Each structure stands twice: as C-alpha cells, then as structure tokens.
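Participant: The following block contains a protein sequence and its predicted model.
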Amino acid sequence: MASDEGNATARVDSWIWAVRLTKTRSQAATACRAGHVRVNGERAKPAQPVKVGDEVRLFHAGRERIVEVRRVLAKRVGPPVAAEAYVDNSPPPPPREHVALAGVRDRGAGRPTKRERRELDQLRGARGQDR
C-alpha cells in the first residue's frame with residue numbers, strides 16, 4: 001500500500017524494510033532497538049511513525065545511510081519503486097583498499113601464539129597494557 005498523501009505515516013521499521021535498506025523487517029526492528037536508527041535526530045523505536053520530509057539515519061552493515069523520506073510505503077515494493085521513495089544523502093562508501101582487512105590464518109593453524117598476537121597488536125597500532 002503506497003501513499004503520496006502528506007499526512008500518511010508508517011512505522012519506521014516497516015518503512016526501512018519496505019524501501020530495501022535492510023533485508024528483513026526484524027533486522028530493521030533490531031536496529032531500532034539497538035539505537036542504530038534516528039528519525040530527525042532522535043533515537044527511534046520500531047513503531048515510531050515516519051512521514052514525508054523526515055530524515056532517517058540508519059547505521060547498518062558497517063556504514064551510515066542518511067535518507068529523506070519522499071514517499072511513505074507500508075509494504076515492500078520492487079527496487080525501482082523503492083528507490084523513488086527516498087532521497088539518499090549518504091556519504092559514499094569508503095574505497096575497498098581503505099577498508100581494514102581481517103587477519104587470515106591458515107585452516108587448522110589454531111590460535112595465534114603469544115608472540116604472534118603481540119606482532120599483530122604492534123601492526124594494528126594497539127599498545128600493550130602495563131601490568
């Protein structure tokens with residue numbers, strides 16, 4: 001059910017799911033409960049209503065999405081329609097080479113030794129704690 005009326009509202013978790021910012025509605029509700037969703041600068045609960053003109057900030061999958069509601073949707077729609085329902089003001093994602101790579105260990109190598117762990121901490125710039 002799509003609505004273009006200025007006074008129409010929808011639940012924020014339902015809207016985030018309907019415009020395909022998250023894969024499931026439960027992920028959207030969990031993000032709201034964890035404090036990763038803000039509507040007009042305020043933390044949002046899953047049932048908080050959103051209306052046309054609201055700014056929704058979602059921190060999901062390692063990046064922040066900043067979107068402005070253009071159209072209120074209560075049901076999930078196809079990607080072309082979903083893209084028309086908001087204006088994406090998010091900063092571009094960081095280039096792949098700037099994303100920190102996780103250390104890769106050979107399968108079956110077990111846990112790192114104390115020496116290996118200290119070398120990893122030194123590479124990452126972590127300081128050792130004084131004991």
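Facilitator: Alright, I've got the coordinates.

Participant: Find me the pLDDT at residue 14, would you?
Facilitator: What the model reports for residue 14 is a pLDDT of 96.

Participant: er, residue 8 actually
Facilitator: pLDDT, residue 8: 89.

Participant: Chain neighbours aside, what residue packs nearest to it?
Facilitator: Closest residue to residue 8 apart from its sequence neighbours, by Cβ to Cβ, 6 or more residues apart in numbering: residue 72 at 4.5 Å. The way it works is simple: take the backbone N, C-alpha and C, and place the C-beta from them, glycine included.

Participant: what pairs with that neighbour across the strands?
Facilitator: With DSSP bridges applied, residue 72 shows beta-bridge pairing to residue 3.

Participant: Now do it: how many residues are near it, please.
Facilitator: Applying other Cβ atoms under 10 Å, we find 25 residues neighbouring residue 72.

Participant: Also residue 116?
Facilitator: For residue 116, the count of nearby residues is 13 (other Cβ under 10 Å).
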